[in-house]
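>>> Please find the sequence and the predicted model below.
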Amino acid sequence: MAEPVLENDQPLLVAEALSKSYGRIAACRDVSFALYPGEVLAIVGESGSGKSTLLQLLSGQLAASSGHVSYRMRDGVTRDLATLGEAERRFLFRTDWGFVHQDPAQGLRMAVSAGANVGERLMAVGWNHYGRIRDTASNWLERVEIDVARIDDAPKTYSGGMRQRLQIARNLVTEPRLVFMDEPTGGLDVSVQARLLDLLRNLVAELHLAVVIVTHDLAVARLLSHRVMVMKGGRVIETGLTDQVLDDPREPYTQLLVSSILPP
Amino acid sequence: MTAMIDVADAQKTFTMHLQGGVELPVVRGVTFHVNPGECVVLSGPSGVGKSSILKMIFGNYRCDGGRIGIRHRGTLIDLASAEPRQILNVRRDTIGYVSQFLRAVPRVATVDVVAEPLIASGVARPEAQHRAGALLHRLNIPERLWQLPPATFSGGEQQRVNIARGFIPVLPILLLDEPTASLDAANRAVVVELIAEKKRKGTAMVAIVHDDEIRHLIADRIVDVTRFAAAA
């Protein structure tokens, strides 16, 4: 009955019994899962459920109280994040990973040009030809639907939606395999959100990105993710295929979340 | 002949935690199979669990018991116990599903909504769009609408876009939930034709249709769902 194992079908990111406590408060308890290349995992739950803490643990920005996160590097070797040196971790962040913050100001340098915001990540991985960097940056601005005429303007002059799209371009320019997203559509108007979601959906499919996305918006989870994990009180209370969990929720809390959505 | 779908003793109960944990039995003892090139129509009154059975076969609803056997790349897989990734593979390569309503993504052009399953299975975008256009044309969606998102279309037009999206990939299994419900006679005839073509290609189908005439035209076998009804 088993499915034939595919070549190269190994997880990219693995969390094992991950926990984080602050004194007596457990922010995240015993979370385990495996994420495969090209797979989009949504972590849903209300504020305080531990989903942002989990994202920080997964991306190595916060040390776990117990448990492990491992990542399969580009050379095919799987490493425990805790054993990486600071330089290795930063290199991973600049190349093979992206992190899209809810507030673009956290992920961008607001006072330097859009072109430099995108080009900076390329320079960090050793690009030094100005013309090529600028061409690649223009190309990415186009891909995220920003008028290339605005390449020399700083993002502080951009609208919220444009800033968020610029942050995405900055993250994707180095062709990462894994992108973490923390409420990427959080602070945006509904119409701007729809455009951004459509853009993200296409990019994720085209680039075969693995994504861990934290959102409290179940519509975002439905549109973008293959799988969801529902968190409450620091624990994963329900997990499965996205449409299965949203159309046939089992746990009382998931049923409450799903039933709280206003009809469109 | 080897069945494409082999459902054995499947059952489903909803537990409504927000209504004090009320148990809502839907179906039990669901047992039937579907061979390649065969269209099985589920019959029975509304609320008897026909759509729930389709959703269980698609992996959209979970099963509380029994087995949903699906022949996927030559191997029988039990979808009732499969991992999410396996279910996604089965949906990409084996099972298509035409739901009652189109769940459209905002901003995506109709032709791309239809072409998407082909692109996902590796067909180049221009070729996928070409085939999407041909199918939309057959279903009488005028070309001037192809570049618009279907969100503003009429119910019948949306249903036809949905049908085009469901019929475009060449998959061994196709599930149809009232595919002709809001269509006029001309478009119903197109759908009957499309179903006949799928049969000739060996696709195994399970359909729900309330229209007696359509049922007569497409059904090779009828499975009466009333006997699986779990409600007392």
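Yes, it's here.
>>> The residue of chain A found nearest chain B: what's it in contact with?
Closest approach of chain A to chain B (CB to the nearest CB) occurs at residue A:252, with a separation of 3.6 Å. Yep, even glycine has a C-beta here, placed from its N, CA and C like the rest. With contacts defined as CB atoms under 8 Å, 6 or more residues apart in numbering or on different chains, residue A:252 is in contact with B:17, B:18.
>>> Look at the closest residue in space to residue B:58 that isn't next to it in sequence and give its secondary structure.
Once its chain neighbours are removed from consideration, residue B:58 has its nearest residue in residue B:97; the separation is 4.8 Å (CB to CB, 6 or more residues apart in numbering or on different chains). Assigned with DSSP: H, G, I helix; E, B strand; the rest coil, residue B:97 falls in the strand class.
>>> from memory residue B:97 sits against residue B:163, does it?
No - under the criterion of CB atoms under 8 Å, residue B:97 lies out of contact with residue B:163, with a separation of 11.5 Å.
>>> In terms of packing, which of the two has more residues around it?
For residue B:97 versus residue B:163, neighbours defined as other CB atoms under 10 Å in any protein chain shown are more numerous around residue B:163 (24 against 20).
>>> Now that one: which helix or strand?
Here residue B:163 sits within helix B:155-167, counting by DSSP states H and E.
>>> what's the angle between the helix or strand containing residue B:130 and helix B:155-167?
For residue B:130, the enclosing helix or strand under DSSP H and E is helix B:125-138. Orientation note: helix B:125-138 sits at an angle of 130 degrees relative to helix B:155-167 (axes from the mean of the first three to the mean of the last three CA atoms, to 10 degrees).
>>> Helix B:125-138 and chain A, are they touching?
No - with CB under 8 Å from any CB of the partner chain as the criterion, chain A is not reached by helix B:125-138; the gap is at least 10.1 Å.
>>> Show me what that helix is packed up against.
Contact here means 3 or more CB pairs under 8 Å, 6 or more residues apart in numbering or on different chains; DSSP states H and E; on that basis helix B:125-138 packs against helix B:110-120, helix B:155-167.
>>> and if we set it to 6 Å?
Helices and strands touching helix B:125-138, by 3 or more CB pairs under 6 Å, 6 or more residues apart in numbering or on different chains; DSSP states H and E, are helix B:110-120.
>>> how far off helix B:125-138 does the helix it packs on point, in degrees?
130 degrees.
>>> which of the residues in helix B:110-120 are buried?
B:110, B:111, B:112, B:113, B:114, B:115, B:116, B:117, B:118, B:119 (16 or more other CB atoms under 10 Å in any protein chain shown).
>>> What of stretch A:192-206?
Within stretch A:192-206, the residues that qualify as buried by neighbour count (16+ other CB under 10 Å) are A:192, A:193, A:194, A:195, A:196, A:197, A:198, A:199, A:200, A:201, A:203, A:204.
>>> so what's residue 76 up against?
Since you didn't name a chain, this refers to chain A. Remark: with contacts taken as CB atoms under 6 Å, 6 or more residues apart in numbering or on different chains, residue A:76 is in contact with nothing.
>>> That was the other one, I meant chain B.
Shown in contact with residue B:76 (CB under 6 Å, 6+ apart): residue B:69.
>>> what do you get if the cut-off is 10 Å, keeping everything else the same?
Contact analysis of residue B:76 by CB atoms under 10 Å, 6 or more residues apart in numbering or on different chains lists A:1, B:2, B:3, B:4, B:6, B:67, B:69, B:70.
>>> Of the residues you listed - the most surrounded one?
Each of the contacts of residue B:76 was scored by neighbour count (other CB under 10 Å); the top score is that of residue B:70, with 28 neighbours.
>>> Dump the helix or strand hosting that one to PDB, restricted to CA.
Mapping residue B:70 onto the secondary structure by DSSP H and E places it in strand B:65-72. Listed next in PDB are the C-alpha coordinates belonging to strand B:65-72 (Å, rounded to 0.1, in the frame of the first residue of the first chain):
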ATOM      1  CA  GLY B  65     -13.500   4.000   9.800                       C
ATOM      2  CA  GLY B  66     -13.100   1.700   6.800                       C
ATOM      3  CA  ARG B  67     -11.000   2.100   3.800                       C
ATOM      4  CA  ILE B  68     -10.900   4.400   0.700                       C
ATOM      5  CA  GLY B  69      -8.900   2.400  -1.700                       C
ATOM      6  CA  ILE B  70      -7.500   4.400  -4.700                       C
ATOM      7  CA  ARG B  71      -5.300   2.900  -7.400                       C
ATOM      8  CA  HIS B  72      -2.600   5.500  -7.700                       C
END
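>>> Tell me who's in contact with residue 111.
No chain was given, so I picked chain A. If you count contacts by CB under 10 Å, 6+ apart, residue A:111 has them with A:154, A:155, A:156.
>>> actually it's chain B I care about, not the one you picked
Residue B:111 makes contact with B:128-130, B:132-133, B:135-136, B:141, B:143, B:145-148, B:161, B:164 under the criterion CB under 10 Å, 6+ apart.
>>> from those, which is closest to chain A?
Closest to chain A out of the contacts of residue B:111 is residue B:128 (13.1 Å), distances taken as CB to the nearest CB.
>>> What's the local residue count around residue A:224?
Neighbouring residues of residue A:224 were enumerated by other CB under 10 Å; the total is 21.
>>> any idea how far residue B:25 is from residue A:115?
Distance from residue A:115 to residue B:25, counting by CB to CB, to the nearest Å: 62 Å.
>>> Just want to know which of these two has more residues nearby.
Neighbours were counted for residue A:115 and for residue B:25 using other CB under 10 Å; residue A:115 has more, 20 against 15.
>>> Residue A:149 is in contact with the more buried one, correct?
No - taking contacts as CB atoms under 10 Å, residue A:115 lies outside contact range of residue A:149: 11.4 Å.
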